[in-house]
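Visitor: What follows is a predicted protein model with its sequence.
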Amino acid sequence: MKFSFEVPVEYLDYFTEYQDYIFVLSFMLENKDYFNYVKKMYNSGKEIIIDNSSNELNQPACIEDLLICHNMFPKASIISPDWLDWGLMKQISQAKILSKYMSKEKIITPINNINWIEYYYNEGFSNIAMGYNLRYLKPWDLEDLFNCHFLGLNSIRELFIAEPSSCDTGLPIKLAKQGINIKTWVSLGCPHDQLETDFFSLILDQQELTLAKENMQTLKTIGGLINV
């Protein structure tokens with residue numbers, strides 16, 4: 001299982017050793033330091049996934065903006081536009097438009113319903129993602145999400161049950177800022193508290209940085225055990 005951890009701009013280089021790939025928020029490429037880091041990782045051969053930033057922007061980046069990202073990093077994978085209220089036809093149409101300009105193998109398609117998976121496969125899209133919020137909803141069973149890319153992490157349990165191929169999460173940093181390690185987080189029932197400060201501008205002290213690394217290593221160890 002591969003992990004990518006979202007981190008504040010100040011610490012992009014600091015956490016590189018823990019990144020199996022680089023999960024990029026499209027709107028953050030407007031930040032010069034963020035862009036330069038992504039470019040450096042891309043040029044080094046690191047796998048890059050560019051997200052449509054719907055969770056952060058409260059609307060997905062449009063096709064035109066994602067194509068600008070594609071032109072900057074043509075070997076990167078891109079998560080096609082998605083939104084909670086969109087039906088299958090609208091959402092799959094976004095992936096189809098994107099596929100006119102890039103390989104379908106490089107497009108990651110989020111789904112709002114597990115019953116959509118077959119439709120995506122029939123259209124030639126093989127990389128499926130399931131969003132953070134949707135994985136709370138019934139009657140979707142975690143077993144049915146096998147091998148999907150996880151956008152965010154709800155709990156440790158879902159890693160063991162679904163065994164996703166990859167997962168991106170800002171959880172280790174958010175917990176460290178609250179002085180919490182993964183074990184304590186699980187014992188508390190895996191709460192998800194929102195930080196008041198803009199995540200990407202956070203400043204951490206040395207104790208928080210150390211705890212964040214510990215949290216990352218814990219998740220990577222869990223992912224390694226699942227794949228043994």
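Guide: The structure has been received and is ready for your questions.
Visitor: who's in contact with the top helix by length along the chain?
Guide: If you go by DSSP state H, the chain has its longest helix at helix 206-226. By CB atoms under 8 Å, 6 or more residues apart in numbering, the residues outside helix 206-226 that reach it are 1-3, 5, 7, 11, 14-15, 18, 20, 153, 156, 159-160, 163, 167, 169, 171-173, 175-177, 179-183, 204. Placement of C-beta: from N, CA and C, glycine included.
Visitor: tell me, what residue is most central in this protein?
Guide: Nearest to the geometric centre of the chain sits D168, at 3.5 Å (CA atoms, centre = their mean).
Visitor: right, and that one touches L25 too?
Guide: No. D168 lies out of contact with L25 (CB atoms under 8 Å); the separation is 9.8 Å.
Visitor: can you give me the strands for this protein?
Guide: Using DSSP state E, the strands of the chain run over residues 2-5, 22-25, 48-51, 77-79, 107-111, 127-131, 149-151, 166-169.
Visitor: measure the residue lying closest to S80 once chain neighbours are set aside to K46 for me?
Guide: Beyond its immediate neighbours in the sequence, the residue positioned closest to S80 (CB to CB, 6 or more residues apart in numbering) is A95, lying 4.2 Å away. A95 sits at a distance of 24 Å from K46 (criterion: CB to CB, to the nearest Å).
Visitor: Show me which of the two is the more surrounded one.
Guide: Ranked by neighbour count (other CB atoms under 10 Å), A95 and K46 place A95 first, with 24 against 16.
Visitor: Correct me if wrong: that one contacts I107.
Guide: Yes. Contact status for A95 versus I107: in contact at 5.7 Å, counting by CB under 8 Å.
Visitor: Quick check: neighbours shared by the two?
Guide: 80, 125.
Visitor: tell me, what's touching D168 and L25 both at once?
Guide: Common neighbours of D168 and L25 (CB under 8 Å, 6+ apart) are 6, 51.
Visitor: need the helices for the chain, in chain order.
Guide: 32-43, 54-57, 63-72, 88-98, 117-122, 156-162, 171-177, 182-187, 206-226.
Visitor: Check the ones you listed for me and report the most buried one.
Guide: helix 171-177 (a mean of 23; mean count of other CB atoms under 10 Å).
Visitor: what's that helix packed up against?
Guide: helix 182-187, helix 206-226 (3 or more CB pairs under 8 Å, 6 or more residues apart in numbering; DSSP states H and E).
Visitor: quick one: average confidence on the last one?
Guide: The average pLDDT within helix 206-226 is 95.
Visitor: Good, we can wrap up now.
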